[in-house]
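Asks: sequence-free structure coming up:
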């Protein structure tokens with residue numbers, strides 16, 4: 001599946017988010033599974049199994065399996081989950097010297113390295129999307145009044161000031177306050193419309209004030225056509 005996970009629209013995902021938003025809310029464990037602590041998620045005819053990782057993990061909650069309710073049928077999701085987990089335990093014990101002592105085996109359903117890698121890759125894409133929106137909004141607003149406008153990026157503060165006058169070059173200053181990776185700085189500068197990435201130069205002051213502690217600043221010239229296009233986005 002190539003679609004980003006955060007773009008999936010499914011009632012079971014929405015219910016899981018809602019149900020586990022409050023850590024103090026009691027949850028129903030799937031009793032038929034004893035090798036992992038899995039919780040039930042139910043909405044309409046959809047049923048799911050949710051696994052909780054360490055609370056400090058990048059993704060503390062994973063919906064690891066899902067299906068439909070079929071009361072009294074062997075294809076009912078929770079009945080099928082239990083049956084396949086028991087069968088998986090039997091297969092594991094048949095091929096391993098150290099046998100499992102649990103009745104079930106569901107480790108193969110848990111997130112693996114590929115799942116975590118996908119999450120990190122998609123998180124980077126989501127961050128860049130948010131950055132792009134923030135950068136364009138700040139740049140557009142500054143183009144209208146020539147003042148510095150600020151926003152937040154990855155725990156740091158971003159300021160953009162653009163000065164344009166008829167018949168003159170459009171000056172851009174970007175300021176970041178806080179500790180951010182060099183790669184993020186490059187990404188932010190590259191997202192400023194109409195500015196060549198190799199045209200940025202470090203500054204030691206902003207147009208209206210000196211730099212404060214923990215501030216970094218760069219300046220560039222914006223292509224006038226890009227500035228006009230950016231302003232058109234508002235209308």
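Replies: Happy to help now that I have it. Since the structure is predicted, the reported quantities are computational estimates derived from the model, not experimental observations. Numbers count the residues shown, from 1 in each chain.

Asks: quick one: what helix or strand has the most centrally placed residue in the chain in it?
Replies: In the chain, the centroid-proximal residue (Cα atoms, centre = their mean) is residue 123; its distance is 3.6 Å. Element membership of residue 123 [criterion: DSSP states H and E] is helix 113-145.

Asks: List the buried residues for that helix?
Replies: 119, 131-132, 134-143 (16 or more other Cβ atoms under 10 Å). All C-beta spots, glycine's among them, are computed from the backbone N, C-alpha and C.

Asks: what does the average pLDDT come to for that helix?
Replies: Mean per-residue pLDDT for helix 113-145: 90.

Asks: ok, now stretch 78-91?
Replies: Stretch 78-91 comes out at a mean pLDDT of 96.

Asks: Residues contacting it, please?
Replies: Identification of contacts with stretch 78-91 by Cβ atoms under 8 Å, 6 or more residues apart in numbering yields 30, 32-33, 35, 40, 47, 49, 65, 67, 73-74, 100, 102-106, 108.

Asks: What residues sit buried inside it?
Replies: Under the neighbour-count criterion of 16+ other Cβ under 10 Å, stretch 78-91 has 78-82, 84-85, 88-89 buried.

Asks: And the helices in this protein, which stretches?
Replies: Ranges of helices within the chain are 11-19, 77-95, 113-145, 182-191, 224-232, based on DSSP state H.

Asks: So which of the ones you listed is nearest residue 205?
Replies: For those, the distance to residue 205 is smallest for helix 113-145, at 17.0 Å, taking Cβ to Cβ.

Asks: What is that closest one packed up against?
Replies: Using 3 or more Cβ pairs under 8 Å, 6 or more residues apart in numbering; DSSP states H and E as the contact test, the elements touching helix 113-145 are strand 149-153, strand 156-163, helix 182-191, helix 224-232.
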